[in-house]
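Enquirer: Okay, sequence plus prediction incoming.
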Amino acid sequence: MERAELAELPRHHRATQNEKLVIAASSLGTVFEWYDFYLYGLLATAITAHFFSGVNETTGFILALGAFAAGFAVRPFGALVFGRIGDLVGRKNTFLVTMAIMGLSTFAVGCLPSYDQIGVAAPVILVGLRLLQGLALGGEYGGAATYVAEHAPADRRGLYTSWIQTTATLGLFAALLVVIGVRFLMGEDSFADWGWRVPFLVSIVLLAVSMWIRLQLAESPVFQKMKEEGTTSKAPLTEAFARWGNLKWVLVALFGAVAGQAVVWYTGQFYALFFLEKTLKVDGATTNVLTAIALGIATPAFVFFGWLSDRIGRKPIILTGCAIAALSYFPLFNALTVAANPALARAQASAPVEVIAHAAECSIQFDPIGKNSFDDRSCDIAKTFLAKSGISYRNVEAPAGTIASIRVGDRRIDAPDPARVTGAERKAAVAAFQAEAKSALEDAGYPAAADPAAIDKPMVVAILTMLVLLVTMVYGPIAALLVELFPSRIRYSSMSLPYHIGNGWFGGFLPTIVFAMVAATGNIYHGLWYPILIAAATVLIGLFFLPETFQRDIDR
């Protein structure tokens, strides 16, 4: 279409075209940033092997998840730094900077030498790159959501910003497709050896595409108007967080909406994936495919709930999603065990495992330093074996001084007494104990891995889809709610901080916290108490303190 013809179009038609460009460009750029950020989570098992190989397997996996969480830990600081810049100099240029930091950091992970090559420097540099990613993402989301909302018509703000909400899931979906494709083309052995680096290296191409897309955008009209009128904030952080009139809404947003949204998001889309692969022992390729199918089915619901929030409000949808999640997680994850690894479910029911020991003589099966071999107490020897095997167990209290034992159904296996055996003799005794315990578990029907032929794939996909639908309920309307809650002059800063504290801390630490809770108690479902309690608290706080925002004027 020629420029003269375009000028003759009705104003509303030109605006519609511009709105579509804004949504597409903002959303696609953010998809690529989430792709970069979540690759690490998808490849946590490979990263454990290559960067945390100097510690025991259970501690290595938790440390790898801890490095994953490190990127989330700094997201609120990124929100402060880039939120301030966004409120001072504009939305567009700020998220161009965050995108460049994210893309280059991700590419660098793909080039990073392993622990075997450069020792402890490898995980240290890895954590440093995750911190850079977290800072960048802390500035990205608020800019994209604010930018789209400030272009949207008042009666379609939930619908328009819901496209930004799809980006986290679409980024995860894109990462899954790339990982699945590379795994298929290379085979599992090559992928585990070096092929896992390819999805990280591909990000340099995505960075170039994303930067080009974002460069097509103009500045937000709301910010441009404030700049022309000289009404932009001179001290956005002071206005946003040092004055109670605004700070109280930051706290309400965090505890009455975002915290619950965050734990529902990370339970439904990340913990479920880890639970399938690490706990239920479904092979990685199958786990990725089933998760990708569920994401493909449920992702359109982000837009549906965004649209619905324009009609009935943001608050009822978000709080209802949190309430359903709190009530359904235990039955859903139990059902997931039955569908994904029916042999494990049968064995847990017919021959439950117990650790009989004095509680004070048992350690938590996690060492942040990574040097504890957990072999100087009989209880630790027993629990380390079960934790490494991914076996759920119940603790049974015994008198002080009792040598710990494992009971599998009616069979009891005593652990070695480290006070009586040392050196090579202890090592042999531990090996003999593990062999006997493994035999008892096999006889009781505990599988070493999920049988691919026995997996009820349609049921697994249905359960995963239900978990993601809960995510779409809480996440679809959240951007519109946050944008509407704060004034335009400090909006970028004000909405970014509660969002990234909620999603960076409450949500981002969820996999690490949950797996540590499981390792500490032995119950594979015990960690679900964390998202359940946070989601329930959000429902209560939100009911009493969170205002409805969907009819507010945001040009203020």
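Expert: It's in.

Enquirer: Residue 195 - how many residues pack around it?
Expert: If you count neighbours by other CB atoms under 10 Å, residue 195 ends up with 18. For the C-beta atoms, the positions are set from N, CA and C on the backbone; glycine is no exception.

Enquirer: For stretch 89-102, list every residue counted as buried.
Expert: Neighbour-count burial for stretch 89-102 flags 90, 91, 92, 94, 95, 97, 98, 99, 101, 102 (criterion: 16 or more other CB atoms under 10 Å).

Enquirer: Over to stretch 182-193?
Expert: 182, 183, 186, 191, 192.

Enquirer: how about the helices in the stretch 1-150 of the chain?
Expert: Taking DSSP state H, counting those that start in this stretch to define them, one finds helices in the stretch 1-150 of the chain at 3-8, 11-42, 44-51, 57-73, 75-89, 91-111, 115-118, 121-149.

Enquirer: I'd like these as a markdown table, with distance to residue 342 and mean pLDDT appended.
Expert: Shown next, in a markdown table, are the helices of the stretch 1-150 of the chain (distance: least, CB to CB, whole Å; pLDDT from 0 to 100):
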| stretch | distance to residue 342 | mean pLDDT |
| --- | --- | --- |
| helix 3-8 | 61 | 38 |
| helix 11-42 | 26 | 66 |
| helix 44-51 | 23 | 82 |
| helix 57-73 | 25 | 71 |
| helix 75-89 | 39 | 82 |
| helix 91-111 | 37 | 83 |
| helix 115-118 | 37 | 87 |
| helix 121-149 | 37 | 82 |
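
Enquirer: got the ones you listed as CSV, with distance to residue 551 columns?
Expert: Shown next, in CSV, are the helices of the stretch 1-150 of the chain (distance: least, CB to CB, whole Å):
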stretch, distance to residue 551
helix 3-8, 33
helix 11-42, 20
helix 44-51, 43
helix 57-73, 33
helix 75-89, 24
helix 91-111, 24
helix 115-118, 55
helix 121-149, 14
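
Enquirer: Quick one: closest of those helices to residue 167.
Expert: helix 11-42 (4.0 Å; CB to CB).

Enquirer: Would you format the buried residues of stretch 89-102 as CSV with distance to residue 162 included?
Expert: Formatted as CSV, these follow (distance: CB to CB, whole Å):
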residue, distance to residue 162
90, 24
91, 19
92, 21
94, 22
95, 19
97, 26
98, 21
99, 21
101, 26
102, 22
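
Enquirer: separation between residue 524 and residue 342?
Expert: Here the distance between residue 524 and residue 342 works out to 15 Å (CB to CB, to the nearest Å).

Enquirer: Looking at those two, which is more packed in?
Expert: Per other CB under 10 Å, whichever of residue 524 and residue 342 has more neighbours is residue 524, with 22 against 16.

Enquirer: Could you grab the helix/strand/coil label for that one?
Expert: State at residue 524, reduced to three classes by DSSP: H, G, I helix; E, B strand; the rest coil: coil.

Enquirer: so what's it closest to, chain neighbours aside?
Expert: Residue nearest to residue 524 in three dimensions, not counting chain neighbours: residue 392, with 4.1 Å by CB to CB, 6 or more residues apart in numbering.

Enquirer: where along the stretch 301-450 of the chain do the helices fall?
Expert: Secondary structure of the stretch 301-450 of the chain (DSSP H, counting those that start in this stretch): helices at 315-340, 342-350, 378-389, 423-443.

Enquirer: To residue 491, which of those lies closest?
Expert: Comparing these by CB to CB, helix 315-340 comes nearest, at 19.1 Å.

Enquirer: Now the closest one: buried residues?
Expert: So for helix 315-340, counting by 16+ other CB under 10 Å, buried means 315, 317-319, 321-326, 329, 332-340.

Enquirer: Okay, angle between the host helix or strand of residue 499 and helix 75-89 too, please.
Expert: Element membership for residue 499 (DSSP states H and E) is helix 491-501. Interaxial angle, helix 491-501 versus helix 75-89 (axes from the mean of the first three to the mean of the last three CA atoms, to 10 degrees): 170 degrees.

Enquirer: Pull out the buried positions in stretch 511-529.
Expert: Neighbour-count burial for stretch 511-529, counted by 16+ other CB under 10 Å, picks out 511-522, 524-525, 527-528.

Enquirer: Tell me the first helix or strand C-terminal of the helix holding residue 499.
Expert: With DSSP H and E, the next secondary element past helix 491-501 is helix 510-521.

Enquirer: Taking helix 378-389 as reference, get the angle to that following helix.
Expert: Going by the same axes, to 10 degrees, helix 510-521 makes 140 degrees with helix 378-389.
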